[in-house]
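> could you work out the structure for the sequence below:
(2 chains)
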2 protein chains.
Amino acid sequence: MTKLKPIWIIYTPYKKDGDVPYQSCKSKDVDEIEVSKEYEEGLKDIEGFSHLIILYEFHKSVKRSVKKEHYLESQGLLVKPYLDDTPRGLFATRSPNRPNPIGLTIVELLERKRNVLKVRGVDMLDGTPLLDIKPYVPKFDQRDNVRIGWLEGKI
Amino acid sequence: MTKLKPIWIIYTPYKKDGDVPYQSCKSKDVDEIEVSKEYEEGLKDIEGFSHLIILYEFHKSVKRSVKKEHYLESQGLLVKPYLDDTPRGLFATRSPNRPNPIGLTIVELLERKRNVLKVRGVDMLDGTPLLDIKPYVPKFDQRDNVRIGWLEGKI
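Next up, the predicted model:
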């Protein structure tokens, strides 16, 4: 099976779980996301896009001692989310403790300098392995008339 | 480094590259996405969400013989996209040939029966390994005032 292969490490001011903003939309900080020099050429034309999809590894999710109240029965397939008291199915949450620990955040691209992207909206822990950068394209990535289940009224 | 671990295989009517709709927004087909029985409990509460983010492995991307005109210099860091004649930086495209071959598609959830999700908007090749399912939440995943660079006017 394919192994994840970080294209760099994301350095952020968030050293531990409690520091991280709850989702990117709450983060107004401006940070830098670097890709390894060997991938710099792959950033050509990225300046044209105002928003990027960042995929990264939840590298602390399996190792960290998950608080019992947030991680329940059955190999963690039920999760008590941060925003709720009811155990929810893992795939109906954005919990980092997933079979494939891949996180997804949309950031605003402010500027690119060589292999460094200045972005707003970072919500990853410091030291997070960067896996992929994709252009955010509303026609592909945006939907209307969305229902948000148990999150309704909570965000 | 973490290995990807499929939570099931996505079966679709698209047997080869040319069959696949260009992005999910062009796909009106209704298909089923299954998760392995062992993960069924993780789908609890997912019915409340109208749209899901599907992460999957571009399992054919490294193996398939990429047409020369779509895959250029420097280890494929420049790509001539399907929709353009100019070589673009890989990370400014949605090309499947990426350092981490992870694809992302938003589908509409029509119905759930146990471990099977009936969805609209599938654009993966048949046999694609399913990696993750996340609820699509506009507040987290949607942005306004978006610029789409070289894709402007092409989609």
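
> so where is chain A shaky, pLDDT-wise?
Along chain A, segments meeting pLDDT under 70 span A:1, A:24, A:26, A:61-75.

> and the helices in chain A, which stretches?
Counting by DSSP state H, residue ranges of the helices within chain A are A:73-76, A:138-141.

> how about the last one, does it reach chain B?
This points to helix A:138-141. Yes - for helix A:138-141, a contact with chain B is found by Cβ under 8 Å from any Cβ of the partner chain, at A:138, A:139, A:140, A:141. For glycine as for every other residue, the C-beta is placed from the backbone atoms N, C-alpha and C.

> buried residues in that helix?
A:140, A:141 (16 or more other Cβ atoms under 10 Å in any protein chain shown).

> please compute how far it lies from its chain's middle.
The chain centre lies 18 Å from the centre of helix A:138-141; the measure is Cα atoms, centre = their mean, to the nearest Å.

> alpha carbons only: can I get it in CSV?
Extracted C-alpha coordinates of helix A:138-141, given in CSV (Å, rounded to 0.1, in the frame of the first residue of the first chain):
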residue,chain,number,x,y,z
PRO,A,138,-15.6,26.7,-6.3
LYS,A,139,-17.1,24.8,-9.3
PHE,A,140,-15.4,21.6,-8.1
ASP,A,141,-15.4,22.2,-4.4
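
> helices or strands up against it?
Secondary-structure packing of helix A:138-141 (3 or more Cβ pairs under 8 Å, 6 or more residues apart in numbering or on different chains; DSSP states H and E): strand B:102-113.

> contacts for the strand it packs on?
A:53, A:55, A:102, A:104, A:131-132, A:134, A:140-141, A:143, B:23-24, B:30, B:33, B:43, B:46-47, B:49-58, B:96, B:117-124, B:128, B:131, B:136 (Cβ atoms under 8 Å, 6 or more residues apart in numbering or on different chains).

> what strands flank that strand, and is each parallel or antiparallel?
Strand pairing for strand B:102-113, using DSSP bridges, gives strand B:51-57 (antiparallel), strand B:116-120 (antiparallel).

> and that strand, which residues are buried?
Here strand B:102-113 shows B:102, B:103, B:104, B:105, B:106, B:107, B:108, B:109, B:112 as buried, counting by 16+ other Cβ under 10 Å.
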